[in-house]
Structures are given as structure tokens and as C-alpha cells.
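Novice: Fold the following and give me the result.
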Amino acid sequence: MVKDIIGNVVSAIMIVVMLFVTPMYYVGIIQWARDESQALAWTRAVVDEVIDSKELVDSTLEEYNIKMASLSTYYNTTITRQKKITNPAYDGDGTYTSYVTIDDNRHYDQGDLVIIHVKQIGAPLYQAIARVLLGAQMPSDEFTIPGRVR
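Specialist: Have a look, this model is predicted:
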């Protein structure tokens, strides 16, 4: 009976990959999808609250940051306020409007834009392990949710 050493080594490697590494990859994908949907929902809730109340209070911001920190994926969030301004047109006929970013993002006026930009800056444990062992690329989150204050 002839034993194939190379075949045995390849089989052992494939068994390890299929039993240990591939499930880590799928767990990482599931974590990523769950974190993305939760981050979208929480960000939309903050935008809705600012739209309705015309203020970004400390308790709302603190609660949002705690929720985002509880996710297994690491996110960086940026909240900006843009104010609508009206300028005279260059040709002298009429006006045009544009938006200017304002430093004070706590108090909003009617017509202002609140924009929350969320970017993934790190990967959870299972994604990092799968990336190292499989060389697999994991999806990266980056989204922006705007809203106009009523």
C-alpha cells in the first residue's frame, strides 16, 4: 500500500481550514452585518431627534456614543451642522443659496442640515483572524445620514 505524503499534508491543511478558519470568516460576516444595521438604526434615531427637537443634547450624544462603542466593529462618527445662506447672484439678477458648515452643532435653526458621517476604523476579532489566515477581504462600512431640521 502506497501512502501519499503530499496528499495527507494537503488534506490536513484543508481540514483545519474548513473546520476552524472558514467558520470564523462567516461569524465575522454575520457580526459585520449586525453591526452595520444597528449603527444605521442608531444614527438615524439621532438624526430624527435633532430634526424634531432642533438640539443635540449631551444625553443624546452620550447615549449614541455608548451604543456605537458597544458594537464589535469600531466606528468613528462625525456630526456636522450646515446652515443655509442666501447670496446675491454674480450677474446681479436674483440670489442663490448654499450651505456653510457651522462649528456649533448643538443648536439648530429651521432649514439647517444635520449630517452624521460614520466610518468603520477597525475590525472585530473574527474578521481580523479570517483576514490573516484566509487573506479574505471583509466589507468596510462608511455611510452618511443627513436630515433637514423642521
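Novice: Now the element after the longest helix along the chain, going C-ward?
Specialist: Of all segments of type helix in the chain, defined using DSSP state H, the longest is helix 22-53. Next helix or strand after helix 22-53 toward the C-terminus (DSSP states H and E): helix 58-69.
Novice: Flag every buried residue along that next one.
Specialist: Within helix 58-69, the residues that count as buried by 16 or more other Cβ atoms under 10 Å are 61, 64, 67-68. In short, each C-beta sits where N, CA and C put it, glycine included.
Novice: State the mean pLDDT of stretch 98-117.
Specialist: The pLDDT scores in stretch 98-117 average 93.
Novice: and that stretch, how far apart are its ends?
Specialist: In stretch 98-117, first residue to last residue: 20 Å (Cα to Cα, to the nearest Å).
Novice: What are the buried residues along it?
Specialist: Neighbour-count burial for stretch 98-117 flags 105, 108, 112-116 (criterion: 16+ other Cβ under 10 Å).
Novice: Kindly reformat the buried residues of helix 58-69 as JSON lines containing distance to residue 132.
Specialist: Below are the buried residues of helix 58-69 laid out as JSON lines (distance: Cβ to Cβ, whole Å):
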{"residue": "61", "distance to residue 132": "35"}
{"residue": "64", "distance to residue 132": "32"}
{"residue": "67", "distance to residue 132": "29"}
{"residue": "68", "distance to residue 132": "25"}
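Novice: okay, these in JSON lines with distance to residue 83 and pLDDT next?
Specialist: Formatted as JSON lines, those follow (distance: Cβ to Cβ, whole Å; pLDDT from 0 to 100):
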{"residue": "61", "distance to residue 83": "20", "pLDDT": "95"}
{"residue": "64", "distance to residue 83": "22", "pLDDT": "97"}
{"residue": "67", "distance to residue 83": "28", "pLDDT": "96"}
{"residue": "68", "distance to residue 83": "26", "pLDDT": "95"}
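Novice: just these now: which is nearest residue 32?
Specialist: Of all these, residue 32 sits closest to residue 68, with 14.7 Å by Cβ to Cβ.
Novice: I am finished for the moment; much appreciated.
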